[in-house]
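Engineer: Show me the folded form of this:
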Amino acid sequence: MIFAMARIGATLVSAPIFSALGVPLQVRVILAGAVGVLVLGLYPLEVPADPLSLQGFATIAQEALIGLSVGFILQVAFAAPLLAGEYLSNSIGLGFANMVDPHSGGHSAVVGQFLMILMTLLFLAVNGHLVLVELIVKSYETMPLGGGWLTRDHMWDIVTFGAYVFAGGLAIALPVGFALFGLNLLVGVLTRAAPQLNIFAVGLPLTLMTGFVVLAIAFPAMSQLMQSAAATGLDQARSFIGG
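Structural biologist: Numbers count the residues shown, from 1 in each chain. Got it, this is the predicted structure:
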């Protein structure tokens, strides 16, 4: 049972939503045990004869590495809206307004937190958590227990997918970022045309107001992009395990 729970538990520890600080450890253990029982009923697992031997520890380490890799791939996809929120916060003028991240316990910009909450709700709305459980269960068919360590190609796929943080974050922030860029150009022209205007007294409130308005208008497009980011993360995880 421990060998069936190792990969599942590692995935729950590193995957979004399940790895949040608000999810108790007992809940993760119960979920890992429940899914492990399902795996034992579907796939015959060839476990080492002595779990405390070197082979047993190596098998557990291998299973944990696979689970951590799958969860990390999804974390990369979830980092895209957080990066977009950091950029938008600094552009709007809310870079100084930080709050505690309920997922990691760190601090991040308020816009980034809002986009992360929206990303989480979209992920749950499309049953992404159920798809993740299905992927990790089917991974025992394509990557059986003790079937071999992760290859160089697996590691390279994870490294190359890291670029999606910047590509996805740029795509999510582009609608609002382009509007704020045009506004900054306009404020610059007004400052040159009328030097007596105080750029801080005029530019900051105008940027803040325009940023919120454009952000509200761009919500449908940004939601579609975040839903696409979640789907991309799941597709990359499916490709990683050979599905």
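Engineer: hey, let's count contacts and neighbours off CA atoms from now on
Structural biologist: Noted.
Engineer: so which helix or strand takes in the residue positioned nearest the centre of the chain?
Structural biologist: What sits nearest the mean C-alpha location of the chain, by C-alpha atoms, centre = their mean, is residue 78, with 1.9 Å. Using DSSP states H and E, residue 78 sits in helix 54-92.
Engineer: So which bits of that helix are buried?
Structural biologist: 56, 59-89, 91-92 (16 or more other C-alpha atoms under 10 Å).
Engineer: before we move on, back to that, what sits against the residue nearest to the centre of the chain?
Structural biologist: 16, 116, 119, 229-230 (C-alpha atoms under 8 Å, 6 or more residues apart in numbering).
Engineer: give me the number of residues near the closest residue to residue 136 other than its chain neighbours?
Structural biologist: Nearest non-adjacent residue to residue 136, counting by C-alpha to C-alpha, 6 or more residues apart in numbering: residue 8, 6.8 Å away. By other C-alpha atoms under 10 Å, the residues close to residue 8 number 29.
Engineer: what sits against the closest residue to residue 46 other than its chain neighbours?
Structural biologist: Excluding its sequence neighbours, the residue lying closest to residue 46 (C-alpha to C-alpha, 6+ apart) is residue 145, at 6.8 Å. Going by C-alpha under 8 Å, 6+ apart, residue 145 touches 3, 45-47, 59, 63.
Engineer: Go through those and name the one nearest residue 169.
Structural biologist: The shortest gap between residue 169 and any of those belongs to residue 63, at 30.9 Å (C-alpha to C-alpha).
Engineer: Quick check: which element contains the closest residue to the closest one other than its chain neighbours?
Structural biologist: Distances taken as C-alpha to C-alpha, 6+ apart place residue 7 nearest to residue 63, at 4.6 Å, with adjacent residues excluded. If you go by DSSP H and E, residue 7 is part of helix 2-14.
Engineer: Which SSE is immediately downstream of that helix?
Structural biologist: helix 25-42.
Engineer: how big is the angle separating that following helix from helix 2-14?
Structural biologist: 130 degrees (axes from the mean of the first three to the mean of the last three C-alpha atoms, to 10 degrees).
Engineer: Okay then, goodbye and thanks.
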